[in-house]
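Peer 1: Sequence and predicted structure, then a few things I'm wondering about:
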There are 2 protein chains.
Amino acid sequence: MKLSVASPIDLAAVFEQGRRLVERTLDEMLSPSLDIPTKILDAMRYSIFAGGKRLRPTLVYASAEALGLAAAKASSAAAAFEMIHTYSLIHDDLPAMDDDDLRRGKPTNHKVFGEGIAILAGDALLTLAFEALGRASLDCSLPSKACAELIMSAADAAGFKGMVGGQAADLDAEGWRRKNHGFRAGRVLEYIHRHKTAALIRASVEAGAILAGARPALRRALKRYGDAIGLAFQIADDILDVTANAATLGKRGSDRDNDKLTYASLYGVESARRRALACVREAHAALKPLGPRAPALHAIADFILSRDR
Amino acid sequence: MKLSVASPIDLAAVFEQGRRLVERTLDEMLSPSLDIPTKILDAMRYSIFAGGKRLRPTLVYASAEALGLAAAKASSAAAAFEMIHTYSLIHDDLPAMDDDDLRRGKPTNHKVFGEGIAILAGDALLTLAFEALGRASLDCSLPSKACAELIMSAADAAGFKGMVGGQAADLDAEGWRRKNHGFRAGRVLEYIHRHKTAALIRASVEAGAILAGARPALRRALKRYGDAIGLAFQIADDILDVTANAATLGKRGSDRDNDKLTYASLYGVESARRRALACVREAHAALKPLGPRAPALHAIADFILSRDR
């Protein structure tokens, strides 16, 4: 599916550059030479280097570059968003949450290191992410107000008003059909999707804009873009949970096992696909104020629907 | 025990003012009117308002005031350190960690809200703490570099190079006598104490200094003070675990149950007391460059040894 009106771009190369840059930064930040207990560092590195598309870092880079900032200057922030994402996966996989044994075809963190260390590894990644955002502010010589905004935007998106709030609502919504939530289900679902996944994706895009010193109108445009692809991403994820088999996902289809509230389970796959497509159109429209400067962002919006995780 | 050379001060009033100020700020930041799932907010409020001395916030205020900053300007940062402390207690109490049922005489967070929500409540408090530090930077109109330093100092102290690293080493050290670690036990213990508790106490003191725009020599002095009282605090905690009974502590003496590595178990209670006393002397000495401006900080150093939690 090709919706973009932007100039052709090699999206694989965009992701490859993002992956390479952010993994170098992550490797430095999680250096084995640090004076810390081996086990916690091993646990952090295990999950952070377990593969993955590096979507959030790539969005930080693409957003920064669209506004004229060199990608290298955005690497600390890119690493921060990958660490927040990875911490959330480690904690979500715990027995008290989704209770998953596999993630990307490998045993989950707590299966390898035990629950205690897995919880701490997540805590440490979340904390290190904010240290990295402080570093990013120094790297870009941000004005004081922008430094605070960078931190607050990420915290807002990751915390109880964002990702954690979404995960808490998701936990609460388990077995929703059995509990017969009825007409509230649609509102709960919208809340979960906007918060659990979309908020952090939006904040990744916004971080690039803050680092690049974007003027307010462009920053708002990028937030709107981030919100739209974030929602599309979570809906696509729901669809994949229904359609993909365990082999493709590299984990058990645990969302189905737990009878979770998802777009696909509530509205059906076809309706979910239409909704995701509308979000991607919205994302393209949001980029208009940037003109031809954002080919990578346009291409990433299209990618959201075509990916297989 | 009275070691201080500072002018007399009503320490109870200092703690009372700190408690009042920080609880008002925490109440605002965790307002029930926010659009977030009730359960996660209830869980966060349950632990944050479970009582406690509010030592870390009081240190932020006392440090800021010693350098001429009005306490009200330091409230967001004070709240941040209390949230980091509270998140660490919630996660430490989990079955996969210390497995405690009671904290300050009340059921622990996971006993009331379940493990999943308890993990998320901790995550959310940690995240909100960084939002509060961003807010603190705006409140004090900090220069850009100081904003980044405020964030990085707190993250460094709370993360794998600080508190989380200490907790990870502590988990690893359980049953150390059974495992016969031998001569390494002393080094492991020093690592745990410096990181698990002292680092965050030091960072609380340092935050006050950063907010007040302290020049480097005074900031170093306050860091040294914070390190010293932080270590004294943890040693005093070890002693209390041995001497206090379960009724006074309001929880089972779980450190003994788990055969944990502590100052009291390794060196005996008397030797531990002497070490803590030496730390408090060091703390008073560190404050010399501040002259008579820091009566509250002197008084808090003395308090560390006399407290019963």
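Peer 2: Nice, thanks for sending it over.

Peer 1: Residue A:52 contacts residue A:104, correct?
Peer 2: Yes. Assessed by Cβ atoms under 8 Å, residue A:52 is found in contact with residue A:104 at 6.6 Å. Where you see a C-beta, it was placed from the backbone N, CA and C, and this is true even at glycine.

Peer 1: which of the two has more neighbours?
Peer 2: Taking other Cβ atoms under 10 Å in any protein chain shown, residue A:52 and residue A:104 do not tie; residue A:52 has more neighbours (18 against 14).

Peer 1: so how far is chain B from the more buried one?
Peer 2: Here the criterion is Cβ to the nearest Cβ, to the nearest Å. By it, residue A:52 lies 20 Å from chain B.

Peer 1: So that residue belongs to a strand, correct?
Peer 2: No. Using DSSP: H, G, I helix; E, B strand; the rest coil, the assignment for residue A:52 is coil, not a strand.

Peer 1: could I get stretch A:79-89 in PDB with only the CA atoms?
Peer 2: Provided in PDB are the C-alpha atoms of stretch A:79-89 (Å, rounded to 0.1, in the frame of the first residue of the first chain):
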ATOM      1  CA  ALA A  79      18.500   5.600  22.800                       C
ATOM      2  CA  ALA A  80      16.200   7.000  25.500                       C
ATOM      3  CA  PHE A  81      13.000   6.100  23.700                       C
ATOM      4  CA  GLU A  82      14.300   2.600  22.900                       C
ATOM      5  CA  MET A  83      15.100   2.100  26.500                       C
ATOM      6  CA  ILE A  84      11.700   3.200  27.600                       C
ATOM      7  CA  HIS A  85      10.100   0.900  25.100                       C
ATOM      8  CA  THR A  86      12.300  -2.000  26.200                       C
ATOM      9  CA  TYR A  87      11.600  -1.500  29.900                       C
ATOM     10  CA  SER A  88       7.900  -1.600  29.100                       C
ATOM     11  CA  LEU A  89       8.300  -4.900  27.300                       C
END
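
Peer 1: Mind listing residues that contact that stretch?
Peer 2: A:22, A:25-26, A:29, A:47-48, A:54, A:56-57, A:59-60, A:103, A:121-123, A:125-126, A:128-130, A:132-133, A:136, A:154, A:158, A:163, A:167, A:200, A:203-204, A:207, B:123 (Cβ atoms under 8 Å, 6 or more residues apart in numbering or on different chains).

Peer 1: From the residues you listed, which land in helices?
Peer 2: Among these, the members falling in helices (DSSP state H) are A:22, A:25-26, A:29, A:47-48, A:56-57, A:59-60, A:121-123, A:125-126, A:128-130, A:132-133, A:136, A:154, A:158, A:163, A:167, A:200, A:203-204, A:207, B:123.

Peer 1: Can you tell me which of the residues you listed are buried?
Peer 2: A:22, A:25-26, A:29, A:47-48, A:56-57, A:59-60, A:121-123, A:125-126, A:128-130, A:132-133, A:136, A:154, A:158, A:163, A:167, A:200, A:203-204, A:207, B:123 (16 or more other Cβ atoms under 10 Å in any protein chain shown).

Peer 1: Residue A:49 reaches residue A:23, doesn't it?
Peer 2: Yes. Using Cβ under 8 Å, residue A:49 is in contact with residue A:23, at 7.3 Å.

Peer 1: Who has more neighbours out of those two?
Peer 2: The neighbour comparison of residue A:49 against residue A:23 (other Cβ under 10 Å) goes to residue A:23, with 16 against 13.

Peer 1: now the more buried one: how far from chain B?
Peer 2: If you go by Cβ to the nearest Cβ, the gap between residue A:23 and chain B works out to 19 Å.

Peer 1: which ones are touching residue A:275?
Peer 2: Taking Cβ under 8 Å, 6+ apart, one finds A:235, A:263, A:267 in contact with residue A:275.

Peer 1: Let me know the closest of these to residue A:143.
Peer 2: Among the contacts of residue A:275, residue A:235 lies closest to residue A:143 (Cβ to Cβ), at 36.9 Å.

Peer 1: quick one: contacts for that closest one?
Peer 2: Taking Cβ under 8 Å, 6+ apart, one finds A:193, A:263, A:272, A:275, A:276, A:279 in contact with residue A:235.

Peer 1: Lowest-confidence member of these, which is it?
Peer 2: pLDDT across those is lowest for residue A:263, at 81.

Peer 1: and the residue nearest to residue A:36 when sequence neighbours are not counted, what element?
Peer 2: The shortest distance from residue A:36 to any non-neighbouring residue, by Cβ to Cβ, 6 or more residues apart in numbering or on different chains, is to residue B:165 (4.5 Å). Per DSSP states H and E: residue B:165 is located in helix B:163-173.

Peer 1: Repeat that for residue A:152.
Peer 2: If you go by DSSP H and E, residue A:152 is part of helix A:144-158.

Peer 1: I'd like to know which elements that helix is packed against.
Peer 2: Where contact means 3 or more Cβ pairs under 8 Å, 6 or more residues apart in numbering or on different chains; DSSP states H and E, helix A:144-158 is packed against helix A:75-92, helix A:115-139, helix A:199-211, helix B:115-139, helix B:144-158.

Peer 1: what would those look like in CSV with distance to residue B:18 and mean pLDDT?
Peer 2: What follows is those, written out as CSV (distance: least, Cβ to Cβ, whole Å; pLDDT from 0 to 100):
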stretch, distance to residue B:18, mean pLDDT
helix A:75-92, 31, 98
helix A:115-139, 24, 98
helix A:199-211, 33, 98
helix B:115-139, 15, 98
helix B:144-158, 18, 97
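
Peer 1: Out of those, flag the one nearest residue B:76.
Peer 2: Comparing the helices and strands packed on helix A:144-158 by Cβ to Cβ, helix B:115-139 comes nearest, at 3.8 Å.

Peer 1: For that closest one, what is the distance to the chain centroid?
Peer 2: The chain centroid and the centroid of helix B:115-139 are separated by 15 Å under Cα atoms, centre = their mean, to the nearest Å.
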